[in-house]
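> Sequence and predicted structure, then a few things I'm wondering about:
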Amino acid sequence: MARWTPIERTLRAQHGPLLVGVDEVGRGPLAGPVVACAVVMPPDRRAIAGVDDSKQLDAATRVRLAARIREQALVVSLGAASAREIDRINIYHATVLAMRRALSRVPERLGCEPHHVLVDGKPLRTLGHVHTAVVKGDAKCYAIACASIVAKVTRDRLMHALAARHDGYAWERNSGYGTAAHRAALDERGLTPHHRRSFCLDEQVSLLLDAMTPDDLGVPSHGLYTE
């Protein structure tokens, strides 16, 4: 992404130049928080070359770009929701909570209200801010891509730090996702305070069901079907 995109140019013409890009990282892992980032990039500067959907970049590139984004951004604001909050209110509402926390700090740090909010994904009824939602926005909007990169680098560093305190789960490599090594450590060591208990229980049930045969379930093989 070498320039501001047509979506952003249109929104700047409609609302004003100060667009906030918002994205989150960490909806799927078994452990750790969901982290959201809100970024306001200077509208009078060219886009940073190489900024793209964080999932399309290797770790070293993300770290390099995150540093450049922080140097140039008018505002970088982070918000998170913990594993305990995810278990209590579910991952969807925890994601919105993390985004709201990130957005809440933007006006003070910017010195004024931003002109419009851009969010990756579908519209969020409880976000509390008028916004434009863009499906796959981290690949279509520069401001959202910047937020995606900073959120990913921040969460990975947090999981590295937690890995040092909770040895054996390989969070420094898997960032809390349900890899084979992580699942094996769960079986051997059990849950930590940073595990999403609801996710881990769902995963254990799924693994058990996958391993069961029709005879285990007490039904003939022709009685199993998928939709």
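Structure received. Numbers count the residues shown, from 1 in each chain.

> Give me the residue ranges of this protein where confidence is low.
By pLDDT under 70, the low-scoring segments of the chain are 1-3, 202-227.

> Which positions within the strand or helix carrying residue 148 qualify as buried?
Residue 148 belongs to helix 142-165 when assigned by DSSP states H and E. Buried residues in helix 142-165, counted by 16 or more other CB atoms under 10 Å: 142-156, 158-159, 162-163. All C-beta atoms are positioned from the backbone trio N, CA, C, and that covers glycine.

> same deal with stretch 70-83?
72-83.

> mind listing the helices in the chain by residue range?
Applying DSSP state H to the chain gives helices spanning 6-15, 59-72, 83-89, 91-104, 106-110, 137-140, 142-165, 171-174, 180-189, 197-211, 214-217.

> out of everything not next to it in sequence, what's closest to residue 97?
With sequence-adjacent residues excluded and distances taken as CB to CB, 6 or more residues apart in numbering, residue 97 is closest to residue 81, at 4.7 Å.

> Same question for residue 192.
The nearest residue in space to residue 192 (CB to CB, 6+ apart) is residue 166, at 4.9 Å.

> show me what contacts residue 149?
51, 54, 57, 62, 65-66, 69 (CB atoms under 8 Å, 6 or more residues apart in numbering).

> Tell me which two of those sit farthest apart.
Using CB to CB, the two most remote members of the contacts of residue 149 are 57 and 69, lying 12.2 Å apart.

> Can you name the residues that contact the most centrally placed residue in the chain?
Geometric centre of the chain, nearest residue: residue 25, 1.2 Å, by CA atoms, centre = their mean. Counting by CB under 8 Å, 6+ apart, residue 25 touches 34-37, 54, 148, 151-152, 154-155.

> gap between the closest residue to it other than its chain neighbours and residue 26?
Distances taken as CB to CB, 6+ apart put residue 151 closest to residue 25, at 4.3 Å, once the chain neighbours are dropped. Look at residue 151 and residue 26: by CB to CB, to the nearest Å, they are 8 Å apart.
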